[in-house]
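> got a predicted structure here, sequence first:
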Amino acid sequence: MLPRTDLRRRIPALISLLLMLGAVELSPALPAAADGQQKTGQQEERKKQVKPDLDTKPAQGNPQKDFRYGVNVDLVVVHTSVTDKSGQFVSGLKQQDFKLFEDGVNQTIQSFSQEDVPVSLGLVIDLSGSMRNKIEDVTKAALAFIRASNPDDEEFLIGFNDEVELLEDYTSDIDTISDTLNNTVVTGGTALWDAIYLAVQKAQSGSKPKKALILISDGEDKDSYYSLDEMVAKVQESDVQIYSIGFLNEFPDKGLFGRWSKSEPEKARDALLRISTETGAKAYFPKNPNEIHKVVAEIAHELRSQYSISYVSSNTARDGGWRRLKISLDHPQAPALHVRYRMGYFSPRSAGPAK
């Protein structure tokens, strides 16, 4: 047995060791590396084993008209929103008011416009059981949004709970979407990451020059096949703007040790903020379901008011690498204005040598 004096000397060291072990246990896991070192689908434990899918038949359209921005496969199009301090959209800016940089290198703008460009748009609606007292407002707001859209837009409708379903394929028929929305069944869990992943995939098959999603959900992901990292990677490789509307639960009060970890509502908020910011869109977190009507009206106005800026990258390497974008204003009012755009894109990758 150790003498009492030795025990007294060792007690502080033992307490420190226990606290260190506790900190290691309580500290949140670091996010997966962005350079492809994250776990693969085979390595990570999935919540379900069957890979989800949708019918991704391309929308019908006039390719000659609708893909006028895609004649040159190396042309990069950046849809850009400019707002003032009150959040009002600023129109009337000229091409010379914008400076565009790719990986810090100034780029030459090839074309510039502010016009109501037709959109391939997906409505992605949470139909889990917890949406039961919100779905009426969501349905009315979604229909109001479609009525306020460009008549040349094409829309599809995805509903999700613990599964993801294409409820309505690309259409411009408001009555068809209205009938579908009014006959939805609200029940089940929440496969949020799967819904975003598949909706991005579907939007990319659209025939219009601009692609966008409006995601409406009130829950945290519980039932997805795809991980958060896989979903974010899918978002980053697309040119789809994702507007998120999250009716999230209140953040819980945290004790002393809770400050090092995030609650499920906080994780959901961070994920929605991330994907909206990455794509140059915006995330909204209304407290009351009836606030959604104002939100969708703002989104509809934004989609019809954006500047379209196009350029051919001065970086000719076709390596599939990430190119970071920055847009700034060279304008007297620039300090009072906010510019929103997608954070970057993946360059084309050259085909390997024939074997």
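On my side now, so go ahead. Residues are numbered from 1 along each chain as shown.
> quick one: low-confidence parts of the stretch 151-300 of the chain?
Low-confidence segments of the stretch 151-300 of the chain (pLDDT under 70): 249, 251-260.
> contact partners for the residue most central in space within the chain?
With distances taken as C-alpha atoms, centre = their mean, the chain has Ile275 as the residue nearest its mean C-alpha position (3.0 Å). Contact partners of Ile275, counting by C-beta atoms under 8 Å, 6 or more residues apart in numbering, are Ile196, Met231, Val232, Val235, Ile242, Ser244. To be clear about C-beta, it is placed using only N, CA and C from the backbone, and glycine gets the same treatment.
> next step: those restricted to helices.
The helices, defined by DSSP state H, take in Ile196, Met231, Val232, Val235 from the contacts of Ile275.
> pretty sure the last one contacts Ser244?
Put plainly, it is Val235. No: using C-beta atoms under 8 Å, Val235 makes no contact with Ser244, being 11.0 Å away.
> neighbour count winner among these two?
Using other C-beta atoms under 10 Å, the more surrounded residue of Val235 and Ser244 is Ser244, with 26 against 20.
> now do the helices in the stretch 51-200 of the chain.
Using DSSP state H, counting those that start in this stretch, the helices of the stretch 51-200 of the chain run over 63-66, 135-147, 174-181, 192-204.
> of those helices, which approaches Glu298 most closely?
helix 135-147 (10.1 Å; C-beta to C-beta).
> what's the burial count for Ile309?
23.
> what sits closest to it if chain neighbours are left out?
Val78 (4.9 Å; C-beta to C-beta, 6 or more residues apart in numbering).
> next: Arg147.
Leaving out its chain neighbours, the residue that sits closest to Arg147 by C-beta to C-beta, 6+ apart is Ile174, at 6.4 Å.
> tell me who's in contact with that neighbour.
Leu143, Ile146, Arg147.
> most neighbours among the residues you listed, which one?
Ile146 leads the contacts of Ile174 on contacts (other C-beta under 10 Å) with 21 neighbours.
> now do the contacts for Lys48.
Shown in contact with Lys48 (C-beta under 8 Å, 6+ apart): Asp223, Ser224, Tyr225.
> tell me the spacing between it and Ala148.
With distances taken as C-beta to C-beta, to the nearest Å, Lys48 is found 37 Å from Ala148.
> and Thr187, by the same measure?
Taking C-beta to C-beta as the criterion, Thr187 is separated from Ala148 by 30 Å.
> try Gln201
26 Å.
> next one: Glu237
Taken as C-beta to C-beta, the span from Glu237 to Ala148 is 30 Å.
> and Asp169, by the same measure?
22 Å.
> so Ile216 sits right up against Leu127, yeah?
No: if you go by C-beta under 8 Å, Ile216 and Leu127 don't touch, sitting 9.9 Å apart.
> so for stretch 53-69, what's the average pLDDT?
Per-residue pLDDT over stretch 53-69 has a mean of 52.
> and what of stretch 101-117?
On average, stretch 101-117 scores 95.
> show residues contacting that stretch.
69, 75-76, 79, 91, 93-95, 98-100, 150, 208-210, 304-315, 323-328.
> the protein - how does it break down into domains?
Domains of the chain are assigned by automatic domain parsing as 78-115+309-346, 119-251+262-303.
> re earlier: tell me the one among the contacts of Lys48 nearest to Glu298.
Nearest to Glu298 among those is Ser224, at 28.5 Å by C-beta to C-beta.
> now the closest one: which helix or strand?
Assessed by DSSP states H and E, Ser224 sits outside every helix and strand.
> count of neighbours near the closest residue in space to it that isn't next to it in sequence?
Leaving aside its sequence neighbours, Ser224 sits nearest to Trp193 (C-beta to C-beta, 6+ apart; 3.9 Å). Using other C-beta under 10 Å, Trp193 has 25 other residues around it.
> contacts only, for Trp193.
By C-beta under 8 Å, 6+ apart, Trp193 lies in contact with Asp221, Ser224, Tyr226, Ser227, Leu228, Glu230, Met231.
> please look at the second one and Asp194 and confirm they touch.
Think Ser224. Yes: at 4.3 Å, Ser224 counts as touching Asp194 under the criterion of C-beta under 8 Å.
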